[in-house]
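# structure of the sequence below:
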Amino acid sequence: MSFLGRLFGSKEGQEDPDGLYFYVRCDRCGEKLRIRADKRHDLMVDAEPGRYVWNKEIMDGRCFQLMYARVVMDKSFAVQSQSIDGQGRFITQEEYEAEEA
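Numbers count the residues shown, from 1 in each chain. Coordinates of the predicted model:
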């Protein structure tokens, strides 16, 4: 792996044990975004025991639409619920990758 690759993180397809990835599409311009949440720093412990919450303000780079994401996960990081306020929606990793190819 190159120096810059080691400096700025792993290459696509390699394991990222501390990362959770979410995929979002802006409903206004259609831009797709891949957002990384760090398990160690970005998640909050929920008031309900055994749950984590991830709140994130997301802005795409095309129309600069601001979206507010909220994801609730159980202790094994399985998504229990997810929502976006603003003009956006969650998409699957497969949807994201299919359009990238």
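# need the contact list for the residue positioned nearest the centre of the chain.
Centroid-nearest residue in the chain: residue 22, 2.8 Å away (criterion: Cα atoms, centre = their mean). For residue 22, the contact set (Cβ atoms under 8 Å, 6 or more residues apart in numbering) comprises 34-35, 37, 69, 71, 82, 90. Where C-beta positions appear, they are placed from N, C-alpha and C, glycine not excepted.
# inside helices: which ones of those residues?
Judged by DSSP state H, helices contain none of these.
# so how do I select the buried members of the residues you listed in PyMOL?
To isolate the buried members of the contacts of residue 22 in PyMOL, using 16 or more other Cβ atoms under 10 Å:
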select buried, resi 37+69+71
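# now, which of the contacts of residue 22 sits nearest residue 57?
When the contacts of residue 22 are compared for distance to residue 57 (Cβ to Cβ), residue 69 wins out at 7.9 Å.
# pLDDT weak spots in this protein?
Counting by pLDDT under 70, the chain contains low-confidence ranges at 1-14, 101.
# mind running it again at 80?
1-14, 99-101 (pLDDT under 80).
# okay, helices next: where are they in the chain?
3-8, 93-100.
# helices and strands around the last one, which ones?
Which is helix 93-100. Applying 3 or more Cβ pairs under 8 Å, 6 or more residues apart in numbering; DSSP states H and E, we find helix 93-100 packed against strand 19-26, strand 32-38.
# so how far is the longest one off the chain centroid?
Taking the mean of its C-alpha atoms, strand 19-26 sits 3 Å from the chain's own mean (Cα atoms, centre = their mean, to the nearest Å).
# report the buried residues of it.
20, 22-26.
# for that strand, which strands pair with it and how are they oriented?
Sheet partners assigned to strand 19-26 using DSSP bridges are listed as strand 32-38 (antiparallel), strand 88-91 (antiparallel).
# for the residue nearest to the centre of the chain, list each beta-bridge partner.
With DSSP bridges as the rule, residue 22 is bridged to residue 35.
# tell me how far it lies from residue 79.
As defined by Cβ to Cβ, to the nearest Å, residue 22 lies at a distance of 9 Å from residue 79.
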